[in-house]
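**Student:** mind looking at a prediction? Sequence and model below.
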Amino acid sequence: MSIRLMIVDDHRLFREGIKKILSDTKDIVVVGEASDGESAIMNMDIYNPDIILLDIVMPHMNGIETLSKIKDLGIKSKVIILSAYSNKKNIIESIKIGANGFITKDNDSESLINVIRNVYSGETYLQPSLGKILRENIGEEFPNDIDIEKIETLSKREYEILTLIANGYNNKAIGKELFISEKTVKNHITSIFKKIEVEDRVQAVIFAYTNEII
């Protein structure tokens, strides 16, 4: 079964480039495209995509507004923000609204394909290199946001795993780093999410950076 993909970006050349990159994949099919958020929303029922690749800077309705509208309308498509502009406000706002992933346009084709497949499989993804952006001016922007009570509920092992998650490690890599099974990693992550009150890995990464864990 193919992954149905919709590309929403105001640059036609970029959309054509993505389609060419994905043309060699057997499991990803580009079913539609749009040059702005308004037309994307209008045609969502026609294309019915599994995944939406969404740019941020677009005319008429930008990516953040489009993402918010998608969620308000109850559209079930998963959304990956793919943008050249990776400032902290956009990253955090996108994740809070409900983006399933956030990557930048300077990634290679293999990385993009892997992110699409992983998000389709139910994972969330925040490009590890964006951690530096999230770390900028944390003391100024989140002066009262250090959640000591939640952090103190974490065991030493859970704290280690949260740190590795924030550094971009997947479950298999965490298990290898800490010499524990992947199943044990998953159990720890379930406990971590419950304790710090987040729903997925991306929110956990945001928590780690805003609480100065890494």
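**Tutor:** It's in.

**Student:** quick one, helices of the protein?
**Tutor:** Ranges of helices in the chain, per DSSP state H, are 12-22, 37-42, 44-47, 63-72, 88-97, 109-120, 131-135, 138-141, 148-152, 156-166, 171-178, 182-196, 201-210.

**Student:** worst average pLDDT in the ones you listed?
**Tutor:** For the helices of the chain, mean pLDDT drops lowest on helix 138-141, to a mean of 50.

**Student:** got a list of contacts for stretch 196-210?
**Tutor:** With contact meaning C-beta atoms under 8 Å, 6 or more residues apart in numbering, stretch 196-210 is reached by 92, 95, 99-102, 123-126, 131, 134-135, 138, 142, 145, 147, 150-151, 153-154, 162-163, 165-166, 189, 192-193, 213-214. From N, CA and C alone the C-beta is placed, and that goes for glycine too.

**Student:** of all the helices of the chain, which one is nearest Ile56?
**Tutor:** helix 63-72 (3.7 Å; C-beta to C-beta).

**Student:** in the closest one, what's buried?
**Tutor:** Gly63, Ile64, Glu65, Thr66, Leu67, Ser68, Lys69, Ile70 (16 or more other C-beta atoms under 10 Å).

**Student:** with stretch 95-106 instead?
**Tutor:** Those would be Ile95, Ile97, Ala99, Asn100, Gly101, Phe102, Ile103, Thr104, Lys105, for stretch 95-106 by 16+ other C-beta under 10 Å.

**Student:** touching, the first one and Tyr125? I think so.
**Tutor:** No. Checked against C-beta atoms under 8 Å, the pair Ile95 and Tyr125 is beyond contact range at 10.8 Å.

**Student:** which residues are in contact with Lys19?
**Tutor:** Ile7, Val30, Glu33.

**Student:** cool, Ala84 as well?
**Tutor:** Ala84 neighbours (C-beta under 8 Å, 6+ apart): Val57, Thr104, Lys105, Asp106.

**Student:** go again using 10 Å as the cut-off
**Tutor:** His11, Phe14, Asp55, Ile56, Val57, Thr104, Lys105, Asp106 (C-beta atoms under 10 Å, 6 or more residues apart in numbering).

**Student:** re earlier: among the buried residues of stretch 95-106, give me the pair with the biggest separation.
**Tutor:** Pairwise over the buried residues of stretch 95-106, using C-beta to C-beta, the maximum falls at Ile97 and Lys105, 20.1 Å.

**Student:** count the neighbours of Cys111 for me.
**Tutor:** You called it Cys, but residue 111 is Ser. The number of residues packed near Ser111 is 14, by other C-beta atoms under 10 Å.

**Student:** show me the contacts for the residue nearest to it when sequence neighbours are not counted.
**Tutor:** Nearest non-adjacent residue to Ser111, counting by C-beta to C-beta, 6 or more residues apart in numbering: Ile103, 7.3 Å away. Contact analysis of Ile103 by C-beta under 10 Å, 6+ apart lists 53, 80-83, 86, 111-112, 115-116, 119, 125-127, 129-130.
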